[in-house]
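K.L.:
Sequence isn't available, so here's the structure alone:
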């Protein structure tokens with residue numbers, strides 16, 4: 001007898017940082033080609049996803065009132081995309097617990113969307129591969145496909161070209177969010193206005209495309225983000241946070257995505273927690289000591305006979 005599929009799944013959606021982020025030439029479709037080395041961290045949102053057979057409605061509940069819970073939310077859009085793909089009239093209830101800051105350069109919305117696709121694929125027994133889920137995710141956002149190849153991957157194009165990479169060794173990553181958002185579209189406009197042209201990729205970065213395994217010692221000297229220079233004069237707090245992280249012992253520090261979170265990489269947990277404790281005392285900062293993640297998205301099945309409440 002085939003085991004009964006679960007009626008509810010819990011899944012954790014990790015934040016990401018960009019260890020390298022180069023913004024290259026503008027494409028004919030108006031987007032830019034990207035070249036990024038991305039890494040998940042242990043700061044995670046949690047989603048509870050339940051399929052309902054007595055409804056065809058998608059109901060999203062979130063503990064953060066700043067997030068819309070309709071079709072403007074990537075989680076809602078991801079659930080809609082899955083149900084449209086399979087052509088089945090199911091209802092879906094989703095409870096989203098937010099821990100990743102909003103508009104922070106940490107990919108929280110994209111990770112939540114990827115988690116929604118993975119959870120529904122499991123609940124509905126679709127048997128989709130990571131590549132199939134990533135193709136659907138690409139229609140929702142440039143960062144979504146990465147999370148199906150996490151924890152570390154080289155991402156190119158609009159985000160659809162994702163190649164997993166293994167980074168050996170352990171590191172702790174301290175995330176410092178300054179308490180204000182940076183809108184992605186504005187950041188790209190600012191970058192276009194301030195730079196003289198597109199710098200070509202260095203030979204050392206190009207060499208990473210041929211490496212399946214890297215060490216942190218190889219990655220750390222190559223860390224860079226094109227948005228840092230563009231935002232330096234408009235958001236001076238970001239540079240100050242970066243200098244503070246380095247002063248507390250970070251091996252390297254960098255802006256993540258288009259901001260506004262800055263992160264520092266620490267050799268061990270003790271130094272990371274010390275830095276977190278010191279910087280947490282500063283007004284307005286949200287500081288997290290996290291581990292560089294070592295695994296992919298993982299669904300956790302709840303008992304079909306005792307589903308947790310949603311909403």
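P.N.:
On my side now, so go ahead. Keep in mind that what you see is a predicted model, and the values were worked out from it rather than measured. Numbering: from 1, shown residues only.
K.L.:
phi, psi of residue 186?
P.N.:
phi -60, psi -40 (degrees, to the nearest 10).
K.L.:
That one: neighbouring residues, count only.
P.N.:
A count of nearby residues for residue 186, using other Cβ atoms under 10 Å, gives 13. To be clear about C-beta, it is placed using only N, CA and C from the backbone, and glycine gets the same treatment.
K.L.:
before we move on, what about the one 3 residues further on?
P.N.:
The burial metric for residue 189, expressed as a neighbour count using other Cβ under 10 Å, is 12.
K.L.:
How about the one 5 residues further on?
P.N.:
Under the neighbour criterion other Cβ under 10 Å, residue 194 is assigned a count of 14.
K.L.:
My guess is it contacts residue 228. True?
P.N.:
No - using Cβ atoms under 8 Å, residue 194 is not in contact with residue 228; the gap is 11.1 Å.
K.L.:
what ranges do the strands span in the stretch 201-311 of the chain?
P.N.:
Ranges of strands in the stretch 201-311 of the chain, per DSSP state E, counting those that start in this stretch, are 213-215, 224-225, 252-255, 262-266, 286-291, 299-301.
K.L.:
Report the rounded mean pLDDT for the last one.
P.N.:
Looking at strand 299-301 alone, the average pLDDT works out to 69.
K.L.:
Which among the strands of the stretch 201-311 of the chain is found nearest to residue 22?
P.N.:
strand 224-225 (7.3 Å; Cβ to Cβ).
K.L.:
neighbours around the nearest residue to residue 278 once chain neighbours are set aside, how many?
P.N.:
If the residues on either side of it in the chain are set aside, residue 278 comes closest to residue 248, at 6.3 Å by Cβ to Cβ, 6 or more residues apart in numbering. Other residues within reach of residue 248, judged by other Cβ under 10 Å, total 19.
K.L.:
Residue 203: neighbour count?
P.N.:
Around residue 203 there are 7 residues (other Cβ under 10 Å).
K.L.:
er, residue 113 I mean
P.N.:
Residue 113 has 27 neighbours, counted by other Cβ under 10 Å.
K.L.:
The closest residue to residue 259 other than its chain neighbours sits in which helix or strand?
P.N.:
The shortest distance from residue 259 to any non-neighbouring residue, by Cβ to Cβ, 6+ apart, is to residue 182 (4.0 Å). Under DSSP states H and E, no helix or strand contains residue 182.
K.L.:
And the helices in the chain?
P.N.:
74-86, 108-123, 130-138, 184-194, 203-208, 216-219, 227-231, 236-247, 269-280 (DSSP state H).
K.L.:
Can you say which of the ones you listed is nearest to residue 10?
P.N.:
If you check each of the helices of the chain against residue 10 by Cβ to Cβ, helix 108-123 wins as the nearest, at 8.3 Å.
K.L.:
Check which helices and strands that closest one is in contact with.
P.N.:
Helices and strands touching helix 108-123, by 3 or more Cβ pairs under 8 Å, 6 or more residues apart in numbering; DSSP states H and E, are strand 8-26, strand 32-52, helix 74-86, strand 91-97, helix 130-138, strand 299-301.
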